[in-house]
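Asker: no FASTA, just this:
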């Protein structure tokens, strides 16, 4: 009873940030951690873990708790039948997992299985704390594969369908962190994450939209996932974001589309879903990142014959010509590819020339970038098939640059 009263007093004292430091300085952590033993009863455990929870709020003491061997004992309390003890333990682990120096050590100390089990807890508060721990631990590259190997994906994916938006958001962030890993990319999709993630793109909560989109952006790098995203119906949801007014979502949506449109199967879907008009609009964005990502999408789409004509109808030539003259080789190369693809169709040639594309193309023959020169030369060759275009190509330095 004396220990219980002392632990209760420390629990109260540790609410005060300054007194937390005194408890640590007076070597209070080790005896508190010893009180977490299941042989000492729930009352002592609850007071001790409540104190440690309070101390763990202060970042400067997080590593002290880990060094004192606290993680193993705290993790064991996640299996407690006492809801207050379980919640205190989950919150303490959440606090400890914020510290970058603790993340790998917590996994080595065996926290994954019980934390992952808590993701399926009947208690929403415990689920939320566990989801935050998983989210934090997934920031450590060393933890990414062990977490998936320990079965974290199914309960995280289940949380995407939770009626609670906080749980949806934490699950999205955790999956976003895990999906940075190349090996995990396919596993996340194979476990069935795509349908709920795509559904969350229409969430009324912009933070959830942003995080779900971040996961899809990561997943879209994998070749098998590009096809999966098309088949699971991601394109209409992504195009809807392009038409929307939420600037924060645009870049991720465009990059995801750029990645997916490498696959020929996506072209027809995007054309049918009306992606060309908003893409042309974003070619003229004030944000350089959005312009670049939109151009990457148009580059891929320009290989599709129906999309080519639509780019011209949506007045896409002028911004494309501007990219040819940009002081950025990546932009120049992508624009040159679009012109090369557009010029394959003889019906487009007159428009390409009359709107001023030819001088900018000819000027790029002097580029030091071999890929740029190659694509430009291909476009000019296609344009030279038109009798009316030949004299214009020969004007100025055209012939000299071609000969060179």
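Answerer: Sure thing, it's come through. Remember, it's a predicted structure, so these values are computed and weren't measured experimentally.

Asker: host element of the residue nearest to residue 192 when sequence neighbours are not counted?
Answerer: Nearest non-adjacent residue to residue 192, counting by Cβ to Cβ, 6 or more residues apart in numbering: residue 157, 5.9 Å away. No exception for glycine: its C-beta is placed from N, CA and C like everyone else's. For residue 157, the element it lies in under DSSP states H and E is helix 153-159.

Asker: helices or strands next to the next helix or strand after that helix in the packing?
Answerer: Once the chain leaves helix 153-159, the next helix or strand it forms, by DSSP H and E, is helix 165-178. Helices and strands touching helix 165-178, by 3 or more Cβ pairs under 8 Å, 6 or more residues apart in numbering; DSSP states H and E, are helix 124-137, helix 141-149, helix 153-159, helix 182-190, helix 194-200, helix 206-219.

Asker: any chance of these in a markdown table, plus mean neighbour count and distance to residue 261?
Answerer: A markdown table is the format used below for the helices and strands packed on helix 165-178 (neighbours: other Cβ atoms under 10 Å; distance: least, Cβ to Cβ, whole Å):
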| stretch | mean neighbour count | distance to residue 261 |
| --- | --- | --- |
| helix 124-137 | 24 | 30 |
| helix 141-149 | 17 | 28 |
| helix 153-159 | 20 | 26 |
| helix 182-190 | 18 | 18 |
| helix 194-200 | 20 | 17 |
| helix 206-219 | 23 | 13 |
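
Asker: out of these, the one nearest residue 322 is which?
Answerer: The closest of the helices and strands packed on helix 165-178 to residue 322 is helix 206-219. By Cβ to Cβ, the value is 26.3 Å.

Asker: any idea how far that closest one is from the middle of the chain?
Answerer: 5 Å (Cα atoms, centre = their mean, to the nearest Å).

Asker: now do that helix, average pLDDT.
Answerer: For helix 206-219, mean pLDDT is 96.

Asker: what's the angle from that helix to helix 182-190?
Answerer: For helix 206-219 against helix 182-190, the angle between stretch directions is 120 degrees (axes from the mean of the first three to the mean of the last three Cα atoms, to 10 degrees).

Asker: what helices or strands is the helix or strand just after helix 206-219 leaning on?
Answerer: Following helix 206-219 in sequence order, the next helix or strand is helix 223-231 (DSSP H and E). Counting contacts by 3+ Cβ pairs under 8 Å, 6+ apart, helix 223-231 is packed against helix 182-190, helix 194-200, helix 206-219, helix 247-260, helix 265-272.

Asker: give the residue spans of the stretch 1-150 of the chain that score low on pLDDT.
Answerer: The stretch 1-150 of the chain contains no residues with pLDDT under 70.

Asker: identify each buried residue in stretch 286-299, please.
Answerer: 290, 291, 292, 293, 294, 295, 296, 297, 298, 299 (16 or more other Cβ atoms under 10 Å).

Asker: which residues in the stretch 251-400 of the chain form helices?
Answerer: 265-272, 276-282, 288-301, 305-313, 317-324, 329-342, 346-354, 357-363, 370-383, 390-394, 398-403 (DSSP state H, counting those that start in this stretch).

Asker: for residue 74, find the nearest of those helices.
Answerer: The nearest among the helices of the stretch 251-400 of the chain, by Cβ to Cβ, is helix 288-301 at 42.3 Å.

Asker: adding distance to residue 215 and mean pLDDT, write the helices of the stretch 251-400 of the chain out as JSON lines.
Answerer: Shown next, in JSON lines, are these (distance: least, Cβ to Cβ, whole Å; pLDDT from 0 to 100):
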{"stretch": "helix 265-272", "distance to residue 215": "19", "mean pLDDT": "60"}
{"stretch": "helix 276-282", "distance to residue 215": "22", "mean pLDDT": "90"}
{"stretch": "helix 288-301", "distance to residue 215": "17", "mean pLDDT": "92"}
{"stretch": "helix 305-313", "distance to residue 215": "27", "mean pLDDT": "77"}
{"stretch": "helix 317-324", "distance to residue 215": "30", "mean pLDDT": "92"}
{"stretch": "helix 329-342", "distance to residue 215": "26", "mean pLDDT": "93"}
{"stretch": "helix 346-354", "distance to residue 215": "38", "mean pLDDT": "76"}
{"stretch": "helix 357-363", "distance to residue 215": "39", "mean pLDDT": "86"}
{"stretch": "helix 370-383", "distance to residue 215": "32", "mean pLDDT": "90"}
{"stretch": "helix 390-394", "distance to residue 215": "48", "mean pLDDT": "72"}
{"stretch": "helix 398-403", "distance to residue 215": "46", "mean pLDDT": "58"}
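
Asker: which one of the ones you listed lies nearest to residue 32?
Answerer: Per Cβ to Cβ, nearest to residue 32 of the helices of the stretch 251-400 of the chain: helix 288-301, 49.3 Å.

Asker: before we move on, back to that, now the helices and strands packed on helix 165-178 in CSV, with distance to residue 12?
Answerer: Below are the helices and strands packed on helix 165-178 laid out as CSV (distance: least, Cβ to Cβ, whole Å):
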stretch, distance to residue 12
helix 124-137, 21
helix 141-149, 35
helix 153-159, 34
helix 182-190, 44
helix 194-200, 42
helix 206-219, 35
